[in-house]
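Visitor: build me a model from this:
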Amino acid sequence: MEDSQSERQRMIRRHHREKKELQARIQGMKNSVPRNDRKRRKQLFLDVARLQAEMEQKHRQELEKFQDNSNLDSVTEDLAKMDLENQPPHVSKAQKRRERRAALERERQERIAQAEIEHLASFRQDEEKKLSAILGARNLEMKDIPADGNCMYRAIQDQLVFSVTVASLRIRTSNYMRKHVDDFLPFSSDPETGNAYSRDDFLSYCDDIVSSEAWGGQLELRALSHVLKTPIEVIQAESPTIVIGEEYRKRPLTLVYMRYSCILGEHYNSVKPLDAGPVEAAALRLF
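Guide: Presented below is the predicted three-dimensional model:
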């Protein structure tokens, strides 16, 4: 019995630690998304709700292992006490009312988030189905790329027959954009305010391409098409395929743009031939 009790207490402490770690992770996710980026903020809200729901379900399932019709409420109460260990010992009635209202609001937001998660899942499935059809008609299939700030560069890297690092692609992209400021500056703006970049703002943006895991988009793809002297085509579910660098005659590098697949928003994947061996896969990337 004592061993079981000790194990239960260790589990409670672990749950408490995991909840704190999740809150720190969520805060980091929030800091990485601009406040005025409504689309990515909405996706962030959905993913935060999902992460919290998954942890609550996991903890509840672990607690149920110790249920014996008498101690589950005690375990849950102990966990709740640990969550509130830093709260003042005496809470006013007004504070209790505010906490109850906040709890009810959290429950309401969680219900809304769950409904939106289910709605988003249908969007994701529909997007994947359409992309599969588009790629299948070209005897291609999706090749998954890690969902991080480097996904566009990694997808380009995957399409090349020569070895190159993501860091090198970022440096070459930044250098090209710096040397051709006048070609890119008119199309550059602050993602948080929407205001057009000044020349200094744009040069700082070029610095970020190298020094951070800033997401790449059409400006960076345009620069890379010139750096590699190769067309880059971007396949989408809801819009026609975009071809960047059409002036070049080499075989295009092919990327897939996905709006709904990633936790924090848009994502790029690579492609590969359907049921292709290594030789055929390499031939696809020739340019």
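Visitor: so which residues of the chain form helices?
Guide: 2-31, 38-64, 72-83, 93-136, 151-159, 166-179, 181-184, 199-211, 218-228, 278-284 (DSSP state H).
Visitor: can you pull the contacts of Glu246?
Guide: Glu246 sits next to Pro231 when contact means CB atoms under 8 Å, 6 or more residues apart in numbering. Bear in mind the C-beta positions are built from the backbone N, C-alpha and C, glycine included.
Visitor: burial of Glu266, as a residue count?
Guide: Neighbour count for Glu266, taken as other CB atoms under 10 Å: 18.
Visitor: for Ala155, same thing?
Guide: Counted with other CB under 10 Å, Ala155 comes out at 25.
Visitor: show me how this structure divides into domains.
Guide: 2-87, 124-284 (automatic domain parsing).
Visitor: what about Arg259, how many neighbours?
Guide: 17.
Visitor: before we move on, the earlier item: any idea which of the helices of the chain is most buried?
Guide: helix 151-159 (a mean of 23; mean count of other CB atoms under 10 Å).
Visitor: tell me the mean pLDDT over that helix?
Guide: The average pLDDT for helix 151-159 rounds to 96.
Visitor: which one of the helices of the chain lies closest to Leu255?
Guide: The minimum distance between Leu255 and these falls on helix 151-159, with 4.8 Å, by CB to CB.
Visitor: for burial, what's the neighbour tally of Ile235?
Guide: 21.
Visitor: can you tell me how far it is from Tyr153?
Guide: Ile235 sits 18 Å away from Tyr153, taking CB to CB, to the nearest Å as the criterion.
Visitor: cool, and Glu18?
Guide: If you go by CB to CB, the gap between Glu18 and Tyr153 works out to 33 Å.
Visitor: now distance to Lys93 too, for the domains of the chain, in a markdown table please.
Guide: Below are these laid out as a markdown table (distance: least, CB to CB, whole Å):
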| stretch | distance to Lys93 |
| --- | --- |
| domain 2-87 | 15 |
| domain 124-284 | 40 |
